[in-house]
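In: need a structure here:
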Amino acid sequence: MLVMRGIVKQFPGVRALDGVDLDVRAGEVHCLLGQNGAGKSTLIKVLAGVHQPDEGTVEFNGAQVRPSSPMDAIRLGFATIYQELDLVDGLSVADNIFLGHEHARLGFVNTGAGHRATREVLERLGHGEIRPSTEVGRLSPAAKQVVSMARALSHDARLIIMDEPSAALAHDEVANLFRIIRELTAQGVAVVYISHRLEEIREIGDRVTVLKDGRTVAVGLPARDTPTSQIVSLMTGRNVEYVFPPRAARPPGDKVLDVEHLTSPGAFRDVSFAVRAGEIVGLAGLVGSGRSEILEAVYGARPASGKVVLAGRQVRRGGVVKTVRQGMGLAPEERKAQALLLDQSVTANITLGSLPGFAKFGWMNRGRERAEAERLVKALDIRPPDPERPIRTLSGGNQQKAVLARWLLGSRRLLLLDEPTRGVDVGARAELYAVIRDLADQGIGVLLVSSEVPEVLGLADRVLVVREGSVIHEGDAGELDEHRVLDMIMNGRAA
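Out: Numbers count the residues shown, from 1 in each chain. Model (predicted):
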């Protein structure tokens, strides 16, 4: 169905694509793999009409095409679901789904017809509970992902590109996503699927193409039979031990965080727990269970009753600025909306939480600020290694590294991490795990949220299971397994 040959795309100072090849068959799920910065996002933007290739050809159903704009790509039959969802928060669900091809009659939008069509496509996705009239900005990240998928289906596309579609979805929602994908491919629709979760590739993929440094290094590998070690080696150019660092041999220190009867109406209730110096505590639960909201309340970004004590001192309510000054840092789930200044440089984003440390008599020491940013860019292998590059131009995984780097500056007692490896490739994950463990070994307490149960169990020392706004279990990570945690998450009981 799709044949791309010798695709080249160059930006100032960067050759993002350097002769990429890709071929996709009708009715298959073709998985596109590569490290952050390998060129995956640029390649799909060429298909989506966002970028025009400098060299190379694209053939679709035997005819040479060159999408000149996103609308042109849609007319050709290409639909793209981006990792960072491109929805309009101020519009309704129905308006978002049919944006640009509204139901109209005699020049007027037919709201009733649009709502009926919206309900049909949402029911097809298994989410008939989402109301067409609801403002998208009020939806959860998972529900927004569903709306983005519904928009792609509304165009009757023959080729659907999905960039990390499961990143914001809970375990049961991923199963529903795979059901939809299988229905689409059974109808002859081709799906290009991008994910860093290799277990997903095994389950849903048919063939795999691997990119590295803007080049194709493997085309059409069988998704289920190719060894993980081979895929990782192709992606990184080296063998990567996809393992978690060993837990600290010594016991944790004194309490660095003490949470007592924390409650936020509509999100969670009566939550109490502690984090000790040098300890990593993981929160496991479904999307919407209240795990992220607990982090926000501890950080002071969400109104809540109860008590939060940091290093023996009660956290003063009054905004996150005071919380940061007391030694707390947060890497939030939605990095673009909640953490980054997209039009500022990598340096500005890294040093944002520690600006007073670079000032003297009211003047910023720009040289020292840049030197510290350069050190962290190198330490975390942020690519491209240019501290003055606008952070908007970095891939999702490298943006996430910059958010984490922000809290490696200054004196931190507690680090709150919400989905720290979301959209991060297998090689960078191992590096981030090592960084997080090293922080804990330095005596920093870490409170971690992740949708991936193996990640929580592998990285945390102690695990809290959160279900429907309550902590239903607390125990040592070494005493739990994935099956038991999933049973508690799904059914509210231990297996």
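In: At which residues are the strands of the stretch 1-150 of the chain located?
Out: 2-11, 14-24, 29-33, 55-60, 63-65, 78-81, 104-105, 108-109 (DSSP state E, counting those that start in this stretch).
In: Where among the ones you listed is average confidence lowest?
Out: Lowest mean pLDDT within the strands of the stretch 1-150 of the chain: strand 104-105, a mean of 84.
In: shaky segments in the chain?
Out: 168, 170-171, 238-242, 317-318, 493-495 (pLDDT under 70).
In: just to revisit the earlier point, I'd like to know which of the strands of the stretch 1-150 of the chain is closest to residue 462.
Out: strand 29-33 (33.2 Å; Cβ to Cβ). Placement of C-beta: from N, CA and C, glycine included.
In: tell me, what residue is most central in this structure?
Out: residue 422 (3.4 Å; Cα atoms, centre = their mean).
In: That one in helix, strand or coil?
Out: The three-state label given to residue 422 by DSSP: H, G, I helix; E, B strand; the rest coil is coil.
In: Could you shift the numbering so residue one becomes 51, and keep it that way?
Out: Fine by me, first position is 51 from now on; the one you just mentioned is residue 472.
In: residues contacting it?
Out: Neighbouring residues of residue 472 by Cβ atoms under 8 Å, 6 or more residues apart in numbering: 214, 217-218, 383, 446, 450, 501.
In: Check the gap between it and residue 112 for me.
Out: 38 Å (Cβ to Cβ, to the nearest Å).
In: neighbours around residue 418, how many?
Out: 13 (other Cβ atoms under 10 Å).
In: Chain neighbours aside, what residue packs nearest to it?
Out: residue 408 (5.8 Å; Cβ to Cβ, 6 or more residues apart in numbering).
In: again, but for residue 500
Out: residue 506 (5.1 Å).
In: Is it correct that the one you found is in contact with residue 498?
Out: Yes - here residue 506 reaches residue 498: they are 6.9 Å apart, a contact under Cβ atoms under 8 Å.
In: Now list whatever residues contact both of the two.
Out: Joint contacts of residue 506 and residue 498 (Cβ under 8 Å, 6+ apart) are 332-333.
In: count of neighbours near the nearest residue to residue 395 once chain neighbours are set aside?
Out: Spatial nearest neighbour of residue 395, excluding adjacent residues (Cβ to Cβ, 6+ apart): residue 438 at 4.9 Å. When neighbours are defined as other Cβ under 10 Å, residue 438 has 11 of them.
In: hmm, back to that, what is the neighbour count of the residue nearest to residue 418?
Out: A count of neighbours around residue 408, defined by other Cβ under 10 Å, yields 18.
In: Can you give me every residue that contacts it?
Out: Contact analysis of residue 408 by Cβ under 8 Å, 6+ apart lists 401, 414-416, 418-419, 422.
In: And for residue 370?
Out: For residue 370, the contact set (Cβ under 8 Å, 6+ apart) comprises 349-351, 380.
In: Of those - the most surrounded one?
Out: With neighbours taken as other Cβ under 10 Å, the top of those is residue 380, carrying 26 neighbours.
In: and whatever helix or strand that residue lives in, what other elements does it pack with?
Out: Assigned by DSSP states H and E, residue 380 falls within strand 378-381. If you count contacts as 3 or more Cβ pairs under 8 Å, 6 or more residues apart in numbering; DSSP states H and E, strand 378-381 packs onto helix 341-349, helix 446-456, strand 464-468.
In: got the angle for the first one vs strand 464-468?
Out: With axes from the mean of the first three to the mean of the last three Cα atoms, to 10 degrees applied, the angle from helix 341-349 to strand 464-468 works out at 150 degrees.
In: what's the burial count for residue 409?
Out: By other Cβ under 10 Å, neighbour count at residue 409 equals 11.
In: what does the one 10 residues further on give?
Out: One way to gauge burial is a neighbour count; for residue 419, by other Cβ under 10 Å, it gives 21.
In: Does it belong to a helix, a strand or coil?
Out: helix.
In: From residue 437, how far out is the closest residue to it other than its chain neighbours?
Out: Spatially, and ignoring its direct neighbours in sequence, residue 419 is nearest to residue 408 (4.5 Å; Cβ to Cβ, 6+ apart). Separation of residue 408 from residue 437 (Cβ to Cβ): 14 Å.
In: now swap in residue 230 and tell me
Out: 42 Å.
In: for residue 130, which residues make a bridge with it?
Out: When bridges are called by DSSP bridges, residue 130 pairs up with residue 211.
In: Do I have it right that it meets residue 202?
Out: Yes - judged on Cβ under 8 Å, residue 130 makes contact with residue 202 at a distance of 7.3 Å.
In: What backbone torsions are found at the residue of the chain positioned farthest from its centre?
Out: The centre of the chain is farthest from one residue, residue 156, which by Cα atoms, centre = their mean lies 42.3 Å away. Backbone torsions of residue 156, given as degrees, to the nearest 10, read phi 50, psi 40.
In: Quick one: residues contacting it.
Out: Residue 156 neighbours (Cβ under 8 Å, 6+ apart): none.
In: So residue 306: helix, strand or coil?
Out: Under three-state DSSP, residue 306 falls in the strand class.
In: Walk me through the domains of the chain.
Out: 52-286, 305-541 (automatic domain parsing).
In: now the end-to-end length of the longest one.
Out: When you say that, I think you mean domain 305-541. Domain 305-541 has an end-to-end distance of 32 Å (criterion: Cα to Cα, to the nearest Å).
In: How far away from the center of its chain is that domain?
Out: Averaging C-alpha positions (Cα atoms, centre = their mean, to the nearest Å) puts domain 305-541 14 Å from its chain's average.
In: re earlier: adding distance to residue 510 and mean neighbour count, write the strands of the stretch 51-200 of the chain out as JSON lines.
Out: JSON lines is the format used below for the strands of the stretch 51-200 of the chain (distance: least, Cβ to Cβ, whole Å; neighbours: other Cβ atoms under 10 Å):
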{"stretch": "strand 52-61", "distance to residue 510": "39", "mean neighbour count": "18"}
{"stretch": "strand 64-74", "distance to residue 510": "36", "mean neighbour count": "20"}
{"stretch": "strand 79-83", "distance to residue 510": "27", "mean neighbour count": "26"}
{"stretch": "strand 105-110", "distance to residue 510": "45", "mean neighbour count": "16"}
{"stretch": "strand 113-115", "distance to residue 510": "48", "mean neighbour count": "12"}
{"stretch": "strand 128-131", "distance to residue 510": "31", "mean neighbour count": "24"}
{"stretch": "strand 154-155", "distance to residue 510": "53", "mean neighbour count": "10"}
{"stretch": "strand 158-159", "distance to residue 510": "50", "mean neighbour count": "12"}
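In: Of all the ones you listed, which one is nearest residue 304?
Out: strand 79-83 (43.8 Å).
In: Run through who's touching that closest one.
Out: Contact with strand 79-83 is made by 72, 74, 90, 93-94, 231, 235, 240-246, 251, 254-261, 273, 281, 284-285, as judged by Cβ under 8 Å, 6+ apart.
In: ok, now stretch 382-391?
Out: Residues contacting stretch 382-391 (Cβ under 8 Å, 6+ apart): 134, 191, 218, 342, 345-346, 381, 392, 398-399, 402, 441, 446, 449-450, 452-453, 456, 468-469, 472, 499.
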